[in-house]
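[1] make a model of this:
(one chain, ligands or ions: 2)
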Amino acid sequence: MEFCPNCGAMLLPNDDKLKCNSCGYIKDLASNDEQYSVSQKLNENKGVVNLGEAEDMRSQTTEICPECGHDKAYSEIKQTRSADEAPTRIFECAKCGHKWRNYN
Ligand SMILES: [Zn+2]
Ligand SMILES: [Zn+2]
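    Ligands and ions are numbered 1, 2, ... in the order given. From the prediction side, this is the model:
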């Protein structure tokens, strides 16, 4: 049961609308449904964008750079194609950008 936001009278169903017989207010149910589905699509698109940002995230770790001796590097774990090989850790020096691998 819904009531008119203008005068408080009971809204009566009329096709796909709710109508107030006191003041003539009409609530269009069909257009409300449309707005709902549009906002849902927007949320789906946002989810895709967020996934892309998450892939770029790299964690910074304490690791000595063999090139310049700086002790902070970004680490990234790459899973090799064959399942019996351990995943490879790739480090990138936060100072000079040198990249190296660690097989431990
Ligand atoms: Zn009304
Ligand atoms: Zn370095």
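[2] from ligand 2, how far out is the residue lying farthest from the centre of the chain?
    Ranked by distance from the centre of the chain (CA atoms, centre = their mean), the top residue is Ser22, with 45.6 Å. Applying CB to the ion, to the nearest Å, the value for Ser22 to ligand 2 is 77 Å. The way it works is simple: take the backbone N, C-alpha and C, and place the C-beta from them, glycine included.
[3] per-residue confidence for the nearest residue to that residue once chain neighbours are set aside?
    Distances taken as CB to CB, 6 or more residues apart in numbering place Ala9 nearest to Ser22, at 4.1 Å, with adjacent residues excluded. pLDDT for Ala9: 95.
[4] now swap in the one 4 residues further on and tell me
    Residue-level confidence at Pro13 comes out at 92, pLDDT.
[5] show me what contacts Ala9?
    3, 20-23 (CB atoms under 8 Å, 6 or more residues apart in numbering).
[6] by neighbours, which of those residues wins?
    For those, the largest neighbour count, defined by other CB atoms under 10 Å, is 21 neighbours, found at Cys20.
[7] how close does that residue sit to Pro13?
    Here Cys20 is placed at a distance of 12 Å from Pro13 (CB to CB, to the nearest Å).
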